[in-house]
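> Structure of the sequence below:
(2 chains)
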Protein chains: 2
Amino acid sequence: MAEADVKQSSSQAAAVRQRNAVRNVLDKVKAEGRSALTAPEGKLVCEAYGIPVPKEGVAQSASEAVALAAGMGYPVVLKIVSPDILHKTEAGGVIVGLGSDDAVDKAYETILANARRYKADARIEGIQVQQMLTGGQEVIVGAVTDGSFGKLVAFGLGGVLVEVLKDITFRLAPATREDALSMLDGIQAAQILKGVRGGEPIDRDALAKIIENVSELVSDFPEIAEMDLNPIFAKPNGAIAADVRIVVDFAPKEARYRPSQEQIVTQMNRIMKPDALAVIGASSEDGKIGNSVMKNLINGGYKGAIYPIHPKADEIMGIKAYKSVKDVPGPIDVAVFAIPAKFVAQALIECGEKKIAGAVLIPSGFAETGNVEGQKEIQEIGRKYGIRLMGPNIYGFYYTHKNLCATFCTAYDVKGKAALSSQSGGIGMAIIGFSRSAKMGVSAIVGLGNKSDIDEDDLLTFFEQDDNTDVIAQHCEDLKDGRAFAEVAKRVSKKKPVIMLKAGRTSAGAKAASSHTGALAGNDKIYEDVLAQSGVIRARSLRDLLDFARGVPVLPTPKGENVVIITGAGGSGVLLSDACVDNNLKLMAMPEDLDAAFRKFIPPFGAAGNPVDITGGEPPTTYRNTVKLGLEDPRIHSLILGYWHTIITPPMVFAELVVSVIEEMKAKGIHKPVVASLAGDVQVEEAAEYLYAHGVPAYAYSTEIPVAVLGAKYKWARGAGLL
Amino acid sequence: MAEADVKQSSSQAAAVRQRNAVRNVLDKVKAEGRSALTAPEGKLVCEAYGIPVPKEGVAQSASEAVALAAGMGYPVVLKIVSPDILHKTEAGGVIVGLGSDDAVDKAYETILANARRYKADARIEGIQVQQMLTGGQEVIVGAVTDGSFGKLVAFGLGGVLVEVLKDITFRLAPATREDALSMLDGIQAAQILKGVRGGEPIDRDALAKIIENVSELVSDFPEIAEMDLNPIFAKPNGAIAADVRIVVDFAPKEARYRPSQEQIVTQMNRIMKPDALAVIGASSEDGKIGNSVMKNLINGGYKGAIYPIHPKADEIMGIKAYKSVKDVPGPIDVAVFAIPAKFVAQALIECGEKKIAGAVLIPSGFAETGNVEGQKEIQEIGRKYGIRLMGPNIYGFYYTHKNLCATFCTAYDVKGKAALSSQSGGIGMAIIGFSRSAKMGVSAIVGLGNKSDIDEDDLLTFFEQDDNTDVIAQHCEDLKDGRAFAEVAKRVSKKKPVIMLKAGRTSAGAKAASSHTGALAGNDKIYEDVLAQSGVIRARSLRDLLDFARGVPVLPTPKGENVVIITGAGGSGVLLSDACVDNNLKLMAMPEDLDAAFRKFIPPFGAAGNPVDITGGEPPTTYRNTVKLGLEDPRIHSLILGYWHTIITPPMVFAELVVSVIEEMKAKGIHKPVVASLAGDVQVEEAAEYLYAHGVPAYAYSTEIPVAVLGAKYKWARGAGLL
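Numbering: from 1, shown residues only, chains lettered A, B, ... in the order given. Got it, this is the predicted structure:
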């Protein structure tokens, strides 16, 4: 064997030994029917996974004690070890705070003498030498098991103040070194770890290593339900866990069935882009859901085969009808259900026999109304036949690039690159209304409802490979399988921005969510951290979700962090600067030569620097020159424009000149994100619309929204490693 | 003298003695040319204002030492007092942590013996007994002098973690007992003071008393520029300041001239509602500012006298022109300036001689372009003649109820109850555009620009007594006189909601602000706390300012805190609940009988409780019945409606039924705040508009904005003491 192989093999063997040590401890705990580990067991587990705990050893002589103490580092504690001395302190058998060889030497003899004086015939097995933990910063590392996300590792500072401020951060376990280091920066009080008031910074590597090891341990042993290292003494060199608490649960949760990513893609492609579609419960009768679905399919311009299914009708809306999907001669990709809940199971079995890829279950009357059994029944049928279920209790879905409106809502046909989904029907309708109103092009709008099967990660997997989709925006109240979502989102968000509005953020919201679709909203801080860890952009409000979905795909990816504000309204410049800070955007420090170049174009009393304040009364050329310079200079990566409505440069003149400069630069291969805030009379609304239609997210009467959209693009680009 | 009089007189005398004690200390410091007090001086000042400091005394015998120690409470420290012993500790002259009479007795003798051994001939003046401070919670009370707000008192926890988290709160000094107590609750870590993990709560009264006394001290002695009590040891009984630092500044800032409130009202009424108006620089030439102003006055329908002033013209736009305001036969209330900066001073003198109440200074070219002297010159003319100056560097102002558009911008005529102002012209244009677009009725829109004279508090004083104004919304980048503003706002906000968008919140924003109009943005946390202390609703964004200005006056004042959500979309219910928490609204705990009453109207699978989820497929009667119940039941104080667009209850049907129920209830004397969130296709926009026009702030595609508007109304009502 080559040397490297030997090393690897020996480290593998060590890892196996480590795991065996933990396995033995856990087996014993299980055999004894306990739910927690003893302190020595906890220590053993920690040692097996390289988590530093106080060093200790038993010495049989003063010189042995000195050697042990010197090995572990001062100060140390000496304690008598004797089965006959129970009250060690009373017996003078404990001496703390020993700081030198000499002190240990003397203390050893003192304790021995004390012990003999206390109980002359005591059997003395030796004297324990234990590393004494003092000073440093107290921190906490822990692990929890979440119903949706599974194993999570947690980090925070120790102490009651931190508890009051709830300053703690989570990551999915196992956590990488990078994740672990990001946790040290992920608490509000992060500065403490870096050293304040002249204090030395703590040992980041040592802490990160502990976080990694804890996360690995709980991942290797799912029966570890909770773990707390509290406190850990973190110092400039090293970190040691003073106390370990481990709680176990030997009744593991049943793993959720997940098809492979390939299977998901194959089936979702058939469902979302079907060549043939059945409408179960199609109807000619106005007002019926089955009628609305048929109308939307036909009027929406769907070009595939439509098979109305109806127990009696021969024809519906001019299309031949069948009694069952099984009577249809050709293959069917997807079946849209528009029948009452009680008939769904039987029809679903027929779909299974027909090898239909997916069922779009519009009907309500399942888990959301308390009919949990009914939902379970259809889930089992779905699994048995390999049919993926969308819903139940949904409005259906749209896939615009197939002209497909498989829904009872109004038809929607503005094709674009944004794919949206919602757990709730009401929010779905808001998405449709906003999209139409804002002329936001979409690739798909999908209702997920009760999420008996298809959920957010299935959609991510589909949209990842869907060439018609550039951005994915999702509304959810819970994630049935947060871990699966996070894994997929981490991959997908590297390619396409993923935006999420997580409803039920607050306890009141979570309560409302649980009464709504049976969603048990998780701890919001866990969602917050895991979504960030997965590269997901979190929207704080419904409007944010919609504005981000609309604006993010319109903007090119920035090539760097330098943002410059060019404004005609100084007042807008101030608010835009505030918004940059709020959205974590970096206002470029203006280089002297560039400052001088800008000054050439603006009045002497205008302010260069950043914002570049061109002042209010300027003609179109001033806007043109400064915007052009902002685009041309390679040190600037993004522009935020603040327009002030004047007679000299009316709104549409501004909008058109901005678009023409951008086009001119594009022709030269320069393409930077530009957003705009328009202050002025109502004519600015038309100008904003024109700008948006030409690739510049622009808003009238708002300084904050355009900057938030740019901020979302940056957040994505950073998460995807593009910056 | 009656007993009460004697008491009062004696406490007055004590107060005088206290002030004299401080005066003596400060006189000495001033005479010695120092800028800080020594520790004993600081202690003396604290004692004079009832701020507890460690007790101490000098004993001449062991028994005296014991008596002193017993009087101040254990533990104590004993220290040798001798001019011949400089290094007390070296001499064995300090013993700490003495916990009993006996220990003090022994320590006294030990120190004496040590001292004699150290230096046999040392003159010994006695032994100092000092109270030793241990345990308790470390907190900080301080005072600062802010350029805009003057004296402020500050409170925070002690320790490095709090410093990192910047968890500190401010109030204007002097602070009332109520202010002081609100500071204890005003820090993020407030819970610490109430006792956590079984800890005892600290003595709130003792801390509040210290805050009050510090605030009184710095108010009485403006030369105290900064003061720090750090740390204060706060315990379950009492609080003691361990260390005092006082910095003085004997060069006090010149007090800003403020007319009396009566003077302001008289002059502002002439300015804002003039009967006669001059346009200095009126012009017939298209494109000139003096022409735009004339057009706006005439086309806006102003009914008062208009006097164009022009050096040569006899007539402008059909109206007789004059060479100078002095040539005009009748009185003039206000002059609008549309001439270059360099001509302003001379024309202003003529206005003064004509006894014109105010000058609207549209011209730029003053402090904002570096012409500080020019601005000072006109300020002096204004003071000399008693003319109030609006601007310079502004768009002018609108007062709709006089059909007055004294501006070069477009005319605006939608009369209403909202008065808005902006420091920046660009933001002013955004206000005009939004108002027109949203059909927001306004009473006034005012540009303040450089604020050489008239500022936000003058406007507050005017709008307070203006019957056409119900709400005041202001954009500012700084407050030239934050203290005057806070004092006026505190009074006005009790009667009418005052909303403020403070730009330059962030350091980047503040930098932009300072380059913009010379505004030096203050510490944002000070603004945050003082605005709250003054009952001002702070808007976080331009849209918030506009939405609050539009919605707050539309809503009636709620009679209590109980908010109920009634929603057709469960998903909206969840987001609306989140928004309630975000906006500090209380979701009413639904009483059983009321729950049962709601259940009668909704499907069995709907969810009562709060939100009341009536489910999506319901007819108009379900909305009608539940909204009616919500308005009728006196335990409910406000309603938030979540509408879900369906064919069964289309948007306008919903909107009309809601308005009809509200009208029906109004006829019975029931008038509660109702806001609505509409989820649906674009038709919901018309429904939202209809609802808004009928007193229900309603938004399409947003769950957060309607709740934020309701939250702003509540915030105001609480601040005004109406809840």
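> Next one: A:Lys295 relative to chain B, how far apart?
Going from A:Lys295 to chain B by Cβ to the nearest Cβ, to the nearest Å gives 12 Å. Where C-beta positions appear, they are placed from N, C-alpha and C, glycine not excepted.
> quick one, what contacts the residue lying closest to A:Ser284 once chain neighbours are set aside?
Closest residue to A:Ser284 apart from its sequence neighbours, by Cβ to Cβ, 6 or more residues apart in numbering or on different chains: A:Ile316 at 5.2 Å. By Cβ atoms under 8 Å, 6 or more residues apart in numbering or on different chains, the contact set of A:Ile316 is A:282-284, A:294, A:308, A:310.
> Then A:Glu561?
A:585-586, A:637, A:714, A:723.
> Likewise for A:Asp466?
A:272, A:419, A:443-444.
> Kindly report the same for A:Val45.
Here A:Val45 is in contact with A:21-22, A:25, A:37, A:217, A:244, A:246 (Cβ under 8 Å, 6+ apart).
> Pull out the buried residues from the host helix or strand of it.
According to DSSP states H and E, A:Val45 maps onto helix A:39-48. Neighbour-count burial for helix A:39-48 flags A:41-46, A:48 (criterion: 16 or more other Cβ atoms under 10 Å in any protein chain shown).
> which one of those is nearest chain B?
A:Gly42 (22.6 Å; Cβ to the nearest Cβ).
> What pLDDT is listed against that closest one?
With respect to pLDDT, A:Gly42 scores 94.
> hang on, isn't it packed against A:Val248?
No: taking Cβ atoms under 8 Å as the definition, A:Gly42 is not a contact partner of A:Val248, at 11.0 Å.
> okay, now the domains of chain A?
A:55-132, A:137-248, A:261-551, A:562-719 (automatic domain parsing).
> Name the single longest helix found in chain A.
helix A:3-31 (DSSP state H).
> What is the distance between it and the centre of its chain?
33 Å (Cα atoms, centre = their mean, to the nearest Å).
> One more: stretch A:604-613?
With Cα atoms, centre = their mean, you get 39 Å for stretch A:604-613.
> what does that stretch contact?
So stretch A:604-613 is in contact with A:564-567, A:570, A:573-574, A:576-577, A:587-590, A:595-596, A:598-599, A:602, A:614-615, A:626, A:630, A:642, B:365, B:368-370, B:512, B:515-516, going by Cβ under 8 Å, 6+ apart.
> same check, this time on stretch A:63-70
A:57, A:59, A:76, A:78, A:98, A:101, A:104-105, A:107-108, A:127, A:129.
> distance between that stretch and the chain's centre?
50 Å.
> With just CA atoms, put that stretch into PDB.
Extracted in PDB, the C-alpha atoms of stretch A:63-70 (Å, rounded to 0.1, in the frame of the first residue of the first chain):
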ATOM      1  CA  SER A  63       5.300  12.900  40.500                       C
ATOM      2  CA  GLU A  64       2.600  11.100  38.400                       C
ATOM      3  CA  ALA A  65       0.200  13.900  39.300                       C
ATOM      4  CA  VAL A  66       2.700  16.500  38.200                       C
ATOM      5  CA  ALA A  67       3.200  14.800  34.900                       C
ATOM      6  CA  LEU A  68      -0.500  14.500  34.300                       C
ATOM      7  CA  ALA A  69      -1.100  18.100  35.200                       C
ATOM      8  CA  ALA A  70       1.700  19.400  33.000                       C
END
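> Can you list the buried residues in it?
Buried, per 16+ other Cβ under 10 Å, within stretch A:63-70: A:64-66, A:68-69.
> Over to stretch A:148-160?
A:148-159.
> Tell me the residues of the stretch 101-250 of chain A that contact chain B?
Selection of the stretch 101-250 of chain A residues close to chain B by Cβ under 8 Å from any Cβ of the partner chain yields A:157, A:159-165, A:188-189, A:191-192, A:196-197, A:199.
> make it 10 Å
A:137, A:157, A:159-167, A:188-194, A:196-197, A:199 (Cβ under 10 Å from any Cβ of the partner chain).
> And those residues, which of them are buried?
For those, buried by 16+ other Cβ under 10 Å: A:137, A:157, A:159, A:161-165, A:167, A:188-189, A:192-193.
> Widest-spaced pair of those?
A:Val164 and A:Leu193 (19.0 Å; Cβ to Cβ).
> Let me know how buried the residue in the stretch 251-400 of chain A positioned nearest to chain B is, in neighbour terms.
In the stretch 251-400 of chain A, the residue found nearest to chain B is A:Thr369; the distance is 3.3 Å by Cβ to the nearest Cβ. A:Thr369: 18 surrounding residues under other Cβ atoms under 10 Å in any protein chain shown.
> same check, this time on A:Cys580
24.
> Same question for A:Ala532.
A:Ala532: 18 neighbours (other Cβ under 10 Å).
> Quick check: it is in a helix.
Yes: the assignment for A:Ala532, made by DSSP: H, G, I helix; E, B strand; the rest coil, places it in a helix.
> Isn't it up against A:Arg171?
Yes: A:Ala532 is within contact range of A:Arg171, at 9.3 Å (criterion: Cβ atoms under 10 Å).
> any shared contact partners between the two?
A:182, A:186 (Cβ atoms under 10 Å, 6 or more residues apart in numbering or on different chains).
> can you give me the helices in the stretch 351-500 of chain A?
Using DSSP state H, counting those that start in this stretch, the helices of the stretch 351-500 of chain A run over A:372-385, A:425-437, A:456-464, A:482-492.
> which stretch in the ones you listed has the least confidence?
helix A:425-437 (a mean of 93).
> Now render the contacts of stretch A:63-70 as a markdown table, adding secondary structure and pLDDT.
A markdown table is the format used below for these (DSSP: H, G, I helix; E, B strand; the rest coil; pLDDT from 0 to 100):
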| residue | secondary structure | pLDDT |
| --- | --- | --- |
| A:Gly57 | strand | 89 |
| A:Ala59 | strand | 94 |
| A:Val76 | strand | 92 |
| A:Leu78 | strand | 94 |
| A:Leu98 | strand | 92 |
| A:Asp101 | helix | 93 |
| A:Val104 | helix | 95 |
| A:Asp105 | helix | 94 |
| A:Ala107 | helix | 94 |
| A:Tyr108 | helix | 95 |
| A:Ile127 | strand | 94 |
| A:Val129 | strand | 94 |
